[in-house]
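1. Sequence isn't available, so here's the structure alone:
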């Protein structure tokens, strides 16, 4: 598992793939989907898939795969090594989603929720496997949100594939357990090799979860009053937002342009108002004021007179 590309640019999302076993291109395959690092305020969220032939699904279980949350880091690394040794029938793929991407998505206009980020990552990885030649016939997913709605969404995207979405799927289906282990191993390695472009020096930031006292201490001591947190922090998390409000220089955003746009929005009554006399004695309704396209308003873009 080579994470060098992500380590060099840890503010950019990165894909990491195994080689595709020939047998996975020839036989119908099961594919499991799971993630690691959804809840922490620090570090990336990693989405992973693990696939193998349907005929080998139980062999994957025999390799020792299990819910990564029930295993120690040493156990996860050992099982991942066993999976790698069986690369003749086991394949995997990962998307490492950077903290910056997560925060930017949640602050977009319109907002992209963490659930939607997760759904998009899962769909993208399944499509990636299919495009690489994997004969995916069954997909098993650890749910994000209500399983019925998520399953219906995936089934619409992949109508010819059997899709099962379950709570605790990582404990029920070996291919999901495999995906869970791959994702967790990748996140652990990414954090161990984390480079701070900001020059921050720290030996221990705890588990990364908001309730961890060591993590809270890291957040309090790593913030800059003007530039905020280093890139490892998901600044859209409420824990980070609260610290920013308390310790950073206040910023007032100028929304005059948006208010002006609201004022200029024509009322429906205007189209039924009394018509004005035109220069030739006839009557003509005044043209409604032009409204800026949502492409510009959603991105807070405005015209400039000089560069």
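-> Structure's in. What do you need? Keep in mind it's a predicted model, so treat the numbers as computed, not measured. Residues are numbered from 1 along each chain as shown.

2. ok now stretch 240-254, how far from the chain's centre?
-> Centroid separation for stretch 240-254 versus its chain: 25 Å, with C-alpha atoms, centre = their mean, to the nearest Å.

3. what does it rub up against?
-> 41, 219-220, 223-226, 228-229, 233-235 (C-beta atoms under 8 Å, 6 or more residues apart in numbering). (Each C-beta comes from the backbone N, C-alpha and C, glycine too.)

4. Format those as CSV; extra columns: secondary structure.
-> Formatted as CSV, those follow (DSSP: H, G, I helix; E, B strand; the rest coil):
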residue, secondary structure
41, coil
219, helix
220, helix
223, coil
224, strand
225, coil
226, coil
228, strand
229, coil
233, strand
234, coil
235, coil
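
5. Could you tell me which of those residues count as buried?
-> Applying 16 or more other C-beta atoms under 10 Å to the contacts of stretch 240-254, the neighbour count classes 41, 219, 223, 228-229, 233-235 as buried.

6. Sort out which one of those lies nearest residue 146 for me.
-> Closest to residue 146 out of the buried ones among the contacts of stretch 240-254 is residue 234 (23.9 Å), distances taken as C-beta to C-beta.

7. Quickly note the distance from the closest one to residue 244.
-> 12 Å (C-beta to C-beta, to the nearest Å).

8. Quick check: next helix or strand after the host helix or strand of residue 35?
-> Taking DSSP states H and E as the definition, residue 35 sits inside strand 29-36. Per DSSP H and E, the first helix or strand lying C-terminal to strand 29-36 is strand 45-53.

9. for that next one, packing partners?
-> helix 22-26, strand 29-36, helix 57-62, strand 91-97, helix 114-131, helix 174-192 (3 or more C-beta pairs under 8 Å, 6 or more residues apart in numbering; DSSP states H and E).

10. what pairs with that strand, and is each one parallel or antiparallel?
-> Here strand 45-53 is paired, per DSSP bridges, with strand 29-36 (antiparallel), strand 91-97 (antiparallel).

11. Need the overlap of contacts for residue 234 and residue 244.
-> By C-beta under 8 Å, 6+ apart, no residue touches both residue 234 and residue 244.

12. Enumerate every residue touching residue 38.
-> Residues counted as contacts of residue 38 (C-beta under 8 Å, 6+ apart) are 45, 114, 118, 144.

13. quick one on the thing from earlier: ranking the strands paired with strand 45-53 by burial, who's on top?
-> Among the strands paired with strand 45-53, strand 29-36 has the highest mean neighbour count (mean count of other C-beta atoms under 10 Å), at a mean of 28.

14. Run the chain-centre distance for that strand.
-> Put simply, strand 29-36 sits 16 Å off its chain's centre (C-alpha atoms, centre = their mean).

15. got it, and stretch 150-167?
-> Using C-alpha atoms, centre = their mean, the distance between the centre of stretch 150-167 and that of its chain works out at 19 Å.
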